[in-house]
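Enquirer: sequence first, then the predicted structure, then my questions.
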Amino acid sequence: MTEKLVIIGNGMAPGRMLDHLLEAAPDRYQVTIFNAEPRVNYDRIMLSPVLSGEKDYEQIIIHGDGWYVRNGITLYKGHKIEAIDRAAKTVTSSEGVTESYDKLVIATGSNPLIIPVPGHDFAGVLTYRDLDDVNAMLLAAQSRAKAVVIGGGLLGLEAAAGLQAQGMDVTVVHLMPTLMERQLDPAAGYLLQKALEERGIKVLTKANTRKILGNGKVEGVELADGTTIPATLVIMAAGIRPNATLAKAAGLTINRGIVVDHAMRTSDPDIFALGECAEIGDHVYGLVAPLYEMARVIAANLAGDEAARFVHIDTPTKLKVTGIDVYSLGDFADGDDREEIVLRDASAGVYRRLILKDNRIIGTVLFGEVGDGAWFNDLKKKSTNISEMRNTLIFGPAFQGGGARDPGAAVAALPDDAEICGCNGICKGKVTGTIKAKGLTTLDEVRAHTKASASCGTCTGLVEQLMELTLGDAFNRTAVQPMCACTALGHDDVRRLIVAKSLKTMASVMQELEWKTSCGCAKCRPALNYYLVSDWPDEYADDYQSRFINERAHANIQKDGTFSVVPRMWGGVTSSNELRAIADVVDKFAIPTVKVTGGQRIDMLGVRKEDLPAVWADLGKAGFVSGHAYAKGLRTVKTCVGTDWCRFGTQDSTGLGIRIEKFMWGSWTPAKVKMAVSGCPRNCAEATCKDVGVICVDSGYEIHFAGAAGLDIKGTEILGQVKTEDEALEYIVAVVQMYREQGRYLERIYKWAKRVGLDEIRRQIVQDGEKRRAYFDRFVFSQKFAQVDPWSERVSGKDKHEFRPMATVGFAEAAE
Amino acid sequence: MTMKWVEVASIDDIPSRGARCVNTPEGKIAVFRTAEGQVFAIEDHCPHKGGPLSQGIVHGTSVTCPLHNWVISLETGKALGADEGTARTVPTRIEGERLFIALGAVVEKAA
């Protein structure tokens, strides 16, 4: 007969315990979980990225609803257990459900410490423990007002960085002289404070909170020295306390937490305590690695292995604030029997300190560059005698043995039992062994089978290097295709982070998103340049050296290194004067080929680069501007002659085409945009295979988009039908702006639309007038900076160096 | 040895992460300046199909050819990655702001 297992709490530790238990003894227990939070099991360590906007809730779910169903587990969401009846062996929830148990696991976690200062119960005072807290903080952050975080420890700083990323003005108030004093020495604490201050977070140390100001609602914080800090939001992050209330009421032995033995049993042998609420050998734990170890021990005991024992190990501390890397492990206090090795690089913001005792590492503090943490941790764990490599030890594994510095080599050099994933206690051998045994090829598979890098994710790079090492070319780095070899991030992540973190220069994108190369490559630089131009039209300074030659020279490079020149012919309409000017230019510069393009204009091919400014000067005199035939931007708007001449025309298609082209020229887009307007459904302008097309009908205008007639052939989709020309323009501009904001560089509209979904686009552009007008307004704003004719600028002398040889030398010497 | 140092310009004439061309009896030489301020000169002729390397995007100590995206090392002139081929490199020298390239080495070899 199956036994009944009841779990109180559904945090990360019980989730992990069930993973182990289902593997070891899948049918032994009938499992019931009571969760006071109204949701499934999620990765609490990742709350900070949710707060800063780098991830959303869906991305941090560990076990979705389907998992509970598949494993036959009953999950009561939003049920808080009110009482345990040990005699009857039952628990009763706040919603009145009573469940009996054979074995009970208490995993009630911890409660945030609320400092009992006056005003601590005002509206606007929050803690930082669960998703509800994060949601409340995100709501408060919308005001963009001021926030005070009380507590400069791990949680407080992650909260501060997250709120600041959401646009709040944040002050951290910390009682001790330096930040994170339990994990960092004063030097690293100072560097951390400086790094935070550089981001605009204010830090006050040795600051004791006297009271919270306000009248039922937070208005500020007053410190013991009389300083007041105005704020509408106060986060209490001064520490946590094991939540043992329920266990105490049930008569179990309590000290700071619920006291357990090394098998995690409480004073009642049928009841286990797990996670932050448990106290073992005078320790309570808050980091995930020991909690997962507890989960393993309980699962083993429940499955019948009563020899499983919890053993204390030091766990490295890492701060999860993007762009600030901190690593701390072990004991770092000074002492007479201790020595230290310190490396500082002020300009790079790097600090490393190793604490040695008898030639063995006992503590490590790394700031700024933490990739070697795993190696130092391994030396410490094994008590390796380091006297042989003492001179180069501080530089890390890549410098041992004088070999070349290869990022893969450091990982290759790690022994099989070196810890890779601190959260889950996974060593290198387990990762590489599982990859081979199960034939894993993707990061997701490795996470699923080994759990390595599945919690906080900071060791993802290491795991990927191990996969590379084990699989060689068969390794498929991530499910998300990275932009290029310079980053692991895909286009969508990069675009999202540019906006979320307000990155406005290429250098800051590469720094903050941890580019692996110093100045990018020919793939990522043009993409980043476009994203920055598109997202910050008024603030970003266009980087011409990151543009492909065509957009730098404003002409199309040809196979022989000459260029082709295509002036704009609005809506495909020209005149004798324009044609005469073109003829004159062709003669004057001996341009070898003149050709009519598919976009209803004229291409002059074979122009020497040096001649370009002079060619443009002559064309400019006749009123021509650049046709942007070279640009990832608006190219042509083809038209038919419409009501002007055609006996079938229903609307002024030529006029609308010219109006669209004059409104939208100069705008940069992820890939080229070609448009057309046809005056009737006979569609002579071929509008139904364009990026955006219009078919005029008697009752108005049918707006089409997402067609293709190149590598792929695809008819357009209908966006919607409108009655007036003004509306037609608004719809077209809005859909293009949506594409400008979301498209991946070089992704044409039809591919973007397929990815995003036609219904979603129609919902935002057709059904939601407010959204449509917002897109329209953003496009209009960006045009203020984009509608400058690049040809006349260059005729006036801009970028002269681009078109002239720097020098001509050596001919006299050669003649001698 | 008839190799000769010829002054061509000031290094500030070349945009950072960019290139300028110098016309010489040995053909067009592209002179590059990297983000780190290093200067390299190689013939303006991709070993693949003769593309003008001076028009490419400069990244690290490489340039990507504008015609078919071969990546050429500015230090060695060699194609990187899976591609094979070499563009001729030209020695450079910097004295203060003044930039010199060496002419003649190749004429000698060809003769």
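Expert: Cool, got the structure. Predicted model, so just to flag it, every value in this text is computed and none were measured.

Enquirer: list the helices and strands whichever strand or helix holds residue A:172 packs on?
Expert: Using DSSP states H and E, residue A:172 sits in strand A:169-173. On a contact count with 3 or more CB pairs under 8 Å, 6 or more residues apart in numbering or on different chains; DSSP states H and E, strand A:169-173 meets strand A:146-150, helix A:154-165, strand A:202-204. Quick note: C-beta positions are derived from backbone N, CA and C, even for glycine.

Enquirer: using JSON lines, please lay out the ones you listed together with mean pLDDT and mean neighbour count.
Expert: Putting these into JSON lines (pLDDT from 0 to 100; neighbours: other CB atoms under 10 Å in any protein chain shown) gives the following:
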{"stretch": "strand A:146-150", "mean pLDDT": "94", "mean neighbour count": "27"}
{"stretch": "helix A:154-165", "mean pLDDT": "90", "mean neighbour count": "25"}
{"stretch": "strand A:202-204", "mean pLDDT": "94", "mean neighbour count": "18"}
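
Enquirer: which one, of the ones you listed, ends up nearest to residue A:513?
Expert: helix A:154-165 (13.5 Å; CB to CB).

Enquirer: and that closest one, how far out from the chain middle?
Expert: On the basis of CA atoms, centre = their mean, to the nearest Å, helix A:154-165 sits 16 Å off its chain's mean C-alpha point.

Enquirer: and the helices in chain B?
Expert: For chain B, the helices defined by DSSP state H cover B:105-110.

Enquirer: rewinding a little: residue A:718: which of the helices and strands packed on strand A:169-173 is closest?
Expert: Closest approach to residue A:718 among the helices and strands packed on strand A:169-173 (CB to CB): helix A:154-165, 39.6 Å.

Enquirer: give me the helices and strands touching that closest one, please.
Expert: Secondary elements touching helix A:154-165 (3+ CB pairs under 8 Å, 6+ apart): helix A:47-52, helix A:131-141, strand A:146-150, strand A:169-173, helix A:186-198, strand A:233-236.

Enquirer: and if we set it to 6 Å?
Expert: When contacts are defined as 3 or more CB pairs under 6 Å, 6 or more residues apart in numbering or on different chains; DSSP states H and E, helix A:154-165 sits against helix A:47-52, strand A:146-150, strand A:169-173.

Enquirer: dump those to JSON lines, plus distance to residue A:221.
Expert: Formatted as JSON lines, the helices and strands packed on helix A:154-165 follow (distance: least, CB to CB, whole Å):
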{"stretch": "helix A:47-52", "distance to residue A:221": "20"}
{"stretch": "strand A:146-150", "distance to residue A:221": "5"}
{"stretch": "strand A:169-173", "distance to residue A:221": "7"}
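
Enquirer: residue A:776: which of these is closest?
Expert: Closest of the helices and strands packed on helix A:154-165 to residue A:776 is helix A:47-52, at 30.2 Å (criterion: CB to CB).

Enquirer: so residue A:603 is in which element?
Expert: Assigning secondary structure by DSSP H and E places residue A:603 in strand A:602-607.

Enquirer: what is that strand packed up against?
Expert: strand A:563-565, strand A:593-596.

Enquirer: what residues does the last one touch?
Expert: Identification of contacts with strand A:593-596 by CB atoms under 6 Å, 6 or more residues apart in numbering or on different chains yields A:586, A:602, A:603, A:604, A:605, A:606.

Enquirer: for those, which two are the farthest from each other?
Expert: Pairwise over the contacts of strand A:593-596, using CB to CB, the maximum falls at A:602 and A:606, 13.8 Å.

Enquirer: quick check: residues of chain B near chain A?
Expert: Within reach of chain A by CB under 6 Å from any CB of the partner chain, chain B has these residues: B:6, B:8-9, B:13, B:17-18, B:20-25, B:35, B:52, B:55, B:57, B:59, B:64, B:66, B:103.

Enquirer: count the neighbours of residue A:803 for me.
Expert: By the other CB atoms under 10 Å in any protein chain shown criterion, the neighbourhood of residue A:803 contains 15 residues.

Enquirer: now do residue A:28
Expert: Residue A:28 - counted by other CB under 10 Å - has 15 other residues nearby.

Enquirer: against chain B, how distant is it?
Expert: According to CB to the nearest CB, to the nearest Å, residue A:28 and chain B sit 55 Å apart.

Enquirer: and residue A:353, by the same measure?
Expert: From residue A:353 to chain B the distance is 30 Å (CB to the nearest CB).

Enquirer: before we move on, what about residue A:360?
Expert: Separation of residue A:360 from chain B (CB to the nearest CB): 40 Å.

Enquirer: show me what contacts that residue?
Expert: So, once contact is read as CB under 6 Å, 6+ apart, residue A:360 ends up touching residue A:383.

Enquirer: may I have the beta-bridge partners of it?
Expert: Applying DSSP bridges to residue A:360 yields these beta-bridge partners: residue A:357.

Enquirer: look at residue A:527 and tell me its secondary structure.
Expert: helix (DSSP: H, G, I helix; E, B strand; the rest coil).

Enquirer: not counting sequence-adjacent ones, nearest residue to it?
Expert: residue A:745 (3.5 Å; CB to CB, 6 or more residues apart in numbering or on different chains).

Enquirer: name the element the one you found belongs to?
Expert: Counting by DSSP H and E, residue A:745 is part of no helix or strand.

Enquirer: got the phi/psi numbers for it?
Expert: phi -50, psi 130 (degrees, to the nearest 10).

Enquirer: surely it touches residue A:528?
Expert: No - Residue A:745 is beyond contact range of residue A:528, at 8.3 Å (criterion: CB atoms under 6 Å).

Enquirer: more neighbours, those two?
Expert: residue A:528 (27 against 21).

Enquirer: do you know how far the more buried one is from residue A:512?
Expert: Distance of residue A:528 to residue A:512, computed by CB to CB, to the nearest Å: 12 Å.

Enquirer: kindly report the same for residue A:7.
Expert: 40 Å.

Enquirer: for chain A, what lies in contact range of chain B?
Expert: Counting by CB under 6 Å from any CB, chain A sits next to chain B at A:519-522, A:545, A:549, A:557, A:561, A:805-811, A:814.

Enquirer: restricted to strands, list those residues.
Expert: Counting by DSSP state E, the residues of chain A next to chain B place A:557, A:807, A:808 in strands.

Enquirer: now the residues you listed: which count as buried?
Expert: A:557, A:807 (16 or more other CB atoms under 10 Å in any protein chain shown).

Enquirer: need the ones in strands among the residues of chain A next to chain B in a markdown table (columns: distance to residue A:419 and pLDDT).
Expert: As requested, those are arranged in a markdown table below (distance: CB to CB, whole Å; pLDDT from 0 to 100):
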| residue | distance to residue A:419 | pLDDT |
| --- | --- | --- |
| A:557 | 52 | 94 |
| A:807 | 59 | 88 |
| A:808 | 63 | 88 |
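
Enquirer: from the ones in strands among the residues of chain A next to chain B, which is closest to residue A:730?
Expert: Distance to residue A:730, by CB to CB, is smallest for residue A:557 among those, at 36.4 Å.
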